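Novice: Structure for the following, please:
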Amino acid sequence: MGYIPEGKILEIQRSVNIVDLISSYIPLKRTGANFKALCPFHDEKTPSFVVNPSKQIFRCFGCNTGGTIFHFVMKYENVEFPEAVKIVADKYGIKMAYSQGSFSEEDQQEKTALYKVNKWAAGYFHQQLLTANEKFPARAYLDRRGLSSASVARFLIGYIPDNAGEFINAAKLKDISLTELMAAGLVVKRQESGYDDYRMLLRGRISFPIFDARDKVVGFGARVLDDAVPKYLNTAETPIFTKGRILYGLNFAKNAAVQSRSLMLVEGYTDVIMAHQFGFENTVATLGTALTRDHIMQMRRYADTIIAVYDGDSAGKKASERSLDMFLNEDITLKIATLPEEYDPCDCLLKLGAKAFKESIDKSRDLFDYRLGMVKNKYNLSDISQKAQAIDELLDFTCQLPDESSNKIKKDLQLRQIAGEFGIDEKSLHARFMQKYAPQIYRKRAFAPKEAPAETAPLAINPSLQLLAEEFICLLISDNSLIEEAVRIHDPGIIQHKIYNEIIDRIFDSFNTQRKVTLSQVLSTVTDDALTQRLVRVYDESADKGLDITKRFAQCKKDLEKLKLQNRLQELKLQRAQAEKTGQKDDNIRLLKEILECEKMLRTNPATK
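Specialist: Model prediction:
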């Protein structure tokens, strides 16, 4: 995504009322001048989530989260700041603008056109299904699979007809061109004809619109109605659709996932739909592709635990085994649930019921226990050589755990369990483990890419200086009449922290151009969640206490002056140490005098007491 200019961010913020936006996600109740709700970010029985329309900010007094419209969307949708800005803009029909970045305005227009085409096509295919005779093969198939009319409507399931001409003409009535239909992968030109003749790419199939996490249709899955192979096809990848990055059903599952901090991962479209139909609403699936790291990263946004639910047949078990190890290097818990033989999730729910399905979920095993069970079934443990192979396979698995200290206990517990399961001495097993593990450590460290030094993090600051900087910022926002004096006294070298100085400069610039600065305006470009929460808290608490702003600002000036002298004293001492080291006698004497003068000022100056 390209860089979003600060002016565009402020324009979007000024155009959207925070009460209107948040009430589109959660129910709000007016209490005096503010609005209250149960916090969507932590469990509570008494509402402590407050939206302040006059300040255009929100704050939860239970979990201390807070910020502007963008910070709410960031937390609720689990997205980064630029994506949150775009979500708000799209929601309110505000045209985005980008400065130089990874894509141009033309790229954005292409994506917008693809979203429009897919949204219309999903509705068109859905109507084709709904208006068909009840005995129509597509409807009969869905009935046999047990999909309710509510599920068909919710997931916008449809039917892709054979007649491309009618489809193209219907699109034209909605100002959608043939070129756009082809770009979306819905219509293709017949290669064998010498004249303009087009066909529906996935004709004669049931359509499953594929939504991204923001409810936008990005592509389609389609299933045949007979025994033709392949049973499922997807539309081609486009600038808005990459199969390895999309999880089917995530748009419907994300809220339940956030509440339970878990996601269930299944294999097919109908598995997802049936799980939701039976109340397991935290269920998603990959799009007939192997699980990727991008999939795992997406799931991590919403959940701490992933429960992979696989078919009871051997193919399902093999598929699960291939995808297991990818989770080892990620900070997320994976559990494996295996269904009864010959049942996929859809059939299990329909034929055995929700209770039996839940029992399988409740019996899910963690990654190591699952692998242990598979290895024990794979080898003949009465044969010494096969038993040794089984142990080595498990040690290879344990070796793959990252080197972080948090994994040391996990490794020790796994080794202890292997020793117990196979009846061998723990010391011997540990020696074998180190024999296999040490070369891997060497390879990891020898060939690991060197990381560039990270920029100063918002939290990398002395706590007392942090409080002073945040107090200074909030005072200027609370009383803009203090800003002109603050401009005169502010010295970036005092606070010596990039992000705080950037915020202060932004306050000065905004006041210079608009003569008014608000908290929501300042927070509009603060992307660090922890810093946002602290600024909201400091601002709110100081306002609630009704403290005298003039007195607080006077004290703040004293503290800044004292800090300036302390910084100067530290700098002089470093210079003198260097002068002594290099034998510069004159400089040493001069610096000593300056140090003594600085120390005297710290003792006697009223501004530093």
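Novice: how about the nearest residue to F211 once chain neighbours are set aside, what does it touch?
Specialist: Leaving aside its chain neighbours, F211 sits nearest to N251 (4.3 Å; criterion: CB to CB, 6 or more residues apart in numbering). From N, CA and C alone the C-beta is placed, and that goes for glycine too. N251 makes contact with F211, D212, A213, R214, D215 under the criterion CB atoms under 8 Å, 6 or more residues apart in numbering.
Novice: neighbours of I549, just the number please.
Specialist: I549 is flanked by 18 other residues according to other CB atoms under 10 Å.
Novice: Which pLDDT does the model give it?
Specialist: With respect to pLDDT, I549 scores 82.
Novice: And it, how far from G93?
Specialist: 39 Å (CB to CB, to the nearest Å).
Novice: Report the buried residues of the longest helix along the chain.
Specialist: Of all the elements of type helix in the chain, the one with the most residues (DSSP state H) is helix 549-582. Going by neighbour count (16 or more other CB atoms under 10 Å), the buried part of helix 549-582 is 549, 552-553, 556-557, 559-565, 568-569, 572, 575-576, 579.
Novice: Following element in sequence after it, please.
Specialist: Going down the chain from helix 549-582, the next helix or strand is helix 585-604, by DSSP states H and E.
Novice: Per-residue pLDDT of the nearest residue to N234 once chain neighbours are set aside, please?
Specialist: Counting by CB to CB, 6+ apart, the nearest residue to N234 once its immediate chain neighbours are dropped is G221, at 5.2 Å. As predicted, G221 sits at a pLDDT of 95.
Novice: G221 against A285, yeah?
Specialist: No: if you go by CB atoms under 8 Å, G221 and A285 don't touch, sitting 9.8 Å apart.
Novice: Which one's more surrounded, these two?
Specialist: It is A285, of G221 and A285, that has more neighbours when counted by other CB under 10 Å, with 25 against 22.
Novice: OK, contacts around that one?
Specialist: With contact set as CB under 8 Å, 6+ apart, A285 has these partners: L247, Y248, G249, L265, V266, E267, G268, Y269, D271, V272.
Novice: Which pLDDT value goes with H276?
Specialist: 98.
Novice: and which of the contacts of N251 is nearest to Y159?
Specialist: Y159 has its nearest neighbour among the contacts of N251 in F211, at 18.2 Å by CB to CB.
Novice: So what sits opposite that closest one in the bridge?
Specialist: Beta bridges link F211 to V217, judged by DSSP bridges.
Novice: Just give the number of residues close to it.
Specialist: 22.
Novice: How is Y370 assigned, secondary-structure-wise?
Specialist: Secondary structure state of Y370, per DSSP: H, G, I helix; E, B strand; the rest coil, is helix.
Novice: gap between the residue lying closest to it once chain neighbours are set aside and I361?
Specialist: Once flanking residues are discounted, Y370 sits nearest to I336: 4.2 Å by CB to CB, 6+ apart. The gap separating I336 from I361 is 11 Å, by CB to CB.
Novice: low pLDDT regions in the stretch 501-609 of the chain?
Specialist: Scanning the stretch 501-609 of the chain for pLDDT under 70 picks out 542-547, 605-609.
Novice: Could you tell me which residues make contact with R59?
Specialist: Here R59 is in contact with F49, V50, N52, T65, G66, V536, R537, D540 (CB under 8 Å, 6+ apart).
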